[in-house]
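In: coords please:
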Amino acid sequence: MVTPDKWSKARAYMSQLLEIASTTNLFDSKQLDSIRGYLIYVVHTYPSFTPYLKGLHLTINSWCLGRLSDGWKDMGSYELELSLADQHPPQEVRGVPRLLPDLQALSTLFQPSIPPRQVVRGSTVAVVLYGYANASRSGSGSCFATPQGLRIRYGLWGRVISHQSSNFQELQNLADTVEWELVDQFPVLREAVAAIDHLASAELSPGLELFLFTDNIVAESAFFRGTSSNPLLFDLILRLKQLELQYSLHLYVAHIAGTRMMAQGTDGLSHGAAWEFNNPVTIVPLHLSPVDRDPTLLTWVASWIPAGLSPHILTPYEWYTTGHGVMESNTNLDGMCCPSPAPYSTVFVWHPAPTAAEAALEELCFSRHKRPTYWHIFLCPRLFTHTWRKRLFKFSEVTFYLTPGFLPVTWPATQHEPIVVGIFLPLLGRPPWLAKVSPPLLPP
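Out: I've put the predicted structure just below:
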């Protein structure tokens, strides 16, 4: 939560902006930009508020050429907008059409007199739901594993939605699926929470987590960015964020391969075919590391590690000890702990499960910063990538994918998603310090 003073200040800003938007709809540019900066600071604590700042962003930049009447960019005038980069905004700007609804939504969210607590990680999770949603040109479908059993939903698109893009159809199906499931299941979920005495007595929100899988990567990335340059997709993201707030929900949208969606069975629902369904909970191995799923990966990795280097396969416990270059700790005559460093020829192999990849990659970066002379190899299936992909591509020297079925034995096609491989080389002792920006690794 933010401090009560900061919360009260944000509420005052919202009342001020809402009054102006309802009357003159003309805002002082500098003041509006200052208020936006403060709200961005407050919204760091409440990520679900982020999409409602879009009206402020569009209003502040609406004076630029290359903008439509609603403030969105006209992609055909991109070069024209670049030519105005050095110009200054006018003293006043007029609010765009979506500013008033966004301000009204933010005013509702800021309505409590004291700042609400934002649950980052609940001490107890009452209910976990697993769902799959898939859409096609003609229809959509979803499959959910609930405490009462398997629930299936499918249907055909109307004439309007059937002519929209596939990205819109996928995200529309996700929003419909989440809303349909929560509205119907929430009374049951309330009963499950009430059965936990300490939660019921403390009057806390239900510990509800929903894992929703889709084979559309745009839907995953748009949801976790919280915004989209497409107004239609942006409205759907708002809808999902509202459901998160309304039901105290932790929603995870994860991209899976289309072949896995077929193997689970939900793919056929979008075409009106309901066949056999595999267990929605176990069909996506979020809890298994790539080596647990295919031990031959270690043989493959060892085959291309340069001679003279020795791989060390890290366990999750060793991420915090050996992975930092500490092989063992001895006690000297004075009773002091003396850690023994790993040989410089060691190559640490990190192979976390997708849901633990963020923690593993964070420790890998700590280790590299403390002891820059070691080599690291990072292996993880392309699952739950929204939590770790950006950091991997930013810090690793070489990143590539191992496609399922590409090798005769290792990682067969039945694994569905490719393996993401990141190679971290030792830091250089002179500029440019990072091998990834040195001439031998830069493209010609």
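In: Let me know the average pLDDT across stretch 407-415.
Out: Averaging pLDDT along stretch 407-415 yields 92.
In: buried ones in that stretch?
Out: For stretch 407-415, the neighbour count (16 or more other Cβ atoms under 10 Å) marks Thr410, Trp411, Gln415 as buried. Placement of C-beta: from N, CA and C, glycine included.
In: Return the distance of it from the chain's centre.
Out: In terms of Cα atoms, centre = their mean, to the nearest Å, the centre of stretch 407-415 is set 27 Å apart from its chain centre.
In: gap between stretch 229-248 and the chain center?
Out: Here stretch 229-248 is found 14 Å from its chain centre; the criterion is Cα atoms, centre = their mean.
In: Now it: buried residues?
Out: Judged by neighbour count using 16+ other Cβ under 10 Å, the buried positions of stretch 229-248 are 230, 233-244, 247.
In: Quickly name whichever of the buried residues of stretch 407-415 is closest to Gly226.
Out: Using Cβ to Cβ, Gln415 comes nearest to Gly226 of the buried residues of stretch 407-415, at 30.9 Å.
In: isn't that closest one right next to Asp292, touching?
Out: No: judged on Cβ atoms under 8 Å, Gln415 makes no contact with Asp292 at a distance of 11.8 Å.
In: now the strands for this protein?
Out: Using DSSP state E, the strands assigned to the chain run over residues 26-28, 92-94, 127-135, 139-146, 149-156, 208-214, 249-255, 310-313, 326-331, 337-341, 346-350, 375-381, 398-402, 419-424.
In: got a markdown table for the ones you listed, with distance to Leu17 and mean neighbour count too?
Out: Rendered in a markdown table, the data for these read as follows (distance: least, Cβ to Cβ, whole Å; neighbours: other Cβ atoms under 10 Å):
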| stretch | distance to Leu17 | mean neighbour count |
| --- | --- | --- |
| strand 26-28 | 8 | 16 |
| strand 92-94 | 12 | 16 |
| strand 127-135 | 36 | 24 |
| strand 139-146 | 38 | 23 |
| strand 149-156 | 40 | 14 |
| strand 208-214 | 33 | 23 |
| strand 249-255 | 28 | 20 |
| strand 310-313 | 56 | 14 |
| strand 326-331 | 54 | 12 |
| strand 337-341 | 56 | 11 |
| strand 346-350 | 47 | 21 |
| strand 375-381 | 44 | 24 |
| strand 398-402 | 43 | 15 |
| strand 419-424 | 43 | 22 |
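In: a markdown table for the ones you listed, including distance to Asp176 and mean pLDDT?
Out: Formatted as a markdown table, these follow (distance: least, Cβ to Cβ, whole Å; pLDDT from 0 to 100):
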| stretch | distance to Asp176 | mean pLDDT |
| --- | --- | --- |
| strand 26-28 | 36 | 92 |
| strand 92-94 | 35 | 91 |
| strand 127-135 | 8 | 84 |
| strand 139-146 | 7 | 83 |
| strand 149-156 | 8 | 83 |
| strand 208-214 | 12 | 86 |
| strand 249-255 | 14 | 88 |
| strand 310-313 | 44 | 92 |
| strand 326-331 | 51 | 76 |
| strand 337-341 | 55 | 80 |
| strand 346-350 | 38 | 94 |
| strand 375-381 | 28 | 96 |
| strand 398-402 | 32 | 94 |
| strand 419-424 | 31 | 95 |
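In: Can you give the domain ranges for this protein?
Out: 4-109, 127-271, 290-328+337-437 (automatic domain parsing).
In: Just the endpoints, please. Distance across the longest one?
Out: Right, domain 127-271. 30 Å (Cα to Cα, to the nearest Å).
In: now swap in the first one and tell me
Out: End-to-end distance of domain 4-109: 15 Å, with Cα to Cα as the criterion.
In: got a pLDDT number for Trp275?
Out: Here, the pLDDT recorded for Trp275 equals 66.
In: Same question for Arg121.
Out: The model reports Arg121 with a pLDDT of 68.
In: Make 24 the starting number, not 1.
Out: Sounds good: first residue 24 from here, last item Arg144.
In: any idea how far the residue sitting furthest away from the middle of the chain is from Ser38?
Out: Most distant from the centre of the chain: Leu356, at 50.0 Å, with distances by Cα atoms, centre = their mean. Distance from Leu356 to Ser38, counting by Cβ to Cβ, to the nearest Å: 69 Å.
In: can you redo the buried residues of stretch 252-271 as a markdown table with pLDDT?
Out: Below are those laid out as a markdown table (pLDDT from 0 to 100):
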| residue | pLDDT |
| --- | --- |
| Asn253 | 82 |
| Leu256 | 87 |
| Phe257 | 82 |
| Asp258 | 84 |
| Leu259 | 88 |
| Ile260 | 87 |
| Leu261 | 82 |
| Arg262 | 85 |
| Leu263 | 87 |
| Lys264 | 82 |
| Gln265 | 78 |
| Leu266 | 81 |
| Glu267 | 78 |
| Tyr270 | 74 |
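In: Going by distance to Thr46, which of these wins?
Out: Proximity of the buried residues of stretch 252-271 to Thr46 (Cβ to Cβ) peaks at Leu261, which lies at 25.1 Å.
In: show me what contacts Trp180?
Out: Ala158, Arg160, Ser161, Gly162, Ser163, Gln192 (Cβ atoms under 8 Å, 6 or more residues apart in numbering).
In: Show me which helix or strand of this protein is least confident by mean pLDDT.
Out: Taking mean pLDDT, DSSP states H and E as the measure, the helix or strand of the chain with the lowest value is helix 220-225, at a mean of 46.
In: In this structure Ser159 contacts Ser293, no?
Out: Yes: with contact defined as Cβ under 8 Å, Ser159 and Ser293 form a contacting pair (4.0 Å).
In: quick one, which of those two is more surrounded?
Out: Each of Ser159 and Ser293 has its neighbours counted (other Cβ atoms under 10 Å); Ser293 has more, 25 against 20.
In: Just read off the phi/psi values of the residue farthest from the centre of the chain.
Out: For Leu356, the backbone dihedrals (degrees, to the nearest 10) come out as phi -70, psi -30.
In: Would you mind listing the residues in contact with it?
Out: No contacts exist for Leu356 under Cβ under 8 Å, 6+ apart.
In: Just the pLDDT at it, thanks.
Out: For Leu356, pLDDT reads 77.
In: which residue packs closest to Thr354, ignoring adjacent ones?
Out: Once flanking residues are discounted, Thr354 sits nearest to Cys360: 6.0 Å by Cβ to Cβ, 6 or more residues apart in numbering.
In: What distance do you get for the one you found to Phe389?
Out: Look at Cys360 and Phe389: by Cβ to Cβ, they are 19 Å apart.
In: Ok, Met359 next?
Out: Applying Cβ to Cβ to Met359 and Phe389 gives a distance of 23 Å.
In: ok, those two, which is more surrounded?
Out: Taking neighbours as other Cβ under 10 Å, Met359 and Phe389 compare with Phe389 leading, 14 against 8.
In: Report the contact partners of the more buried one.
Out: Phe389 touches His347, counting by Cβ under 8 Å, 6+ apart.
In: Can you check the pLDDT for it?
Out: Reported pLDDT for Phe389: 93.
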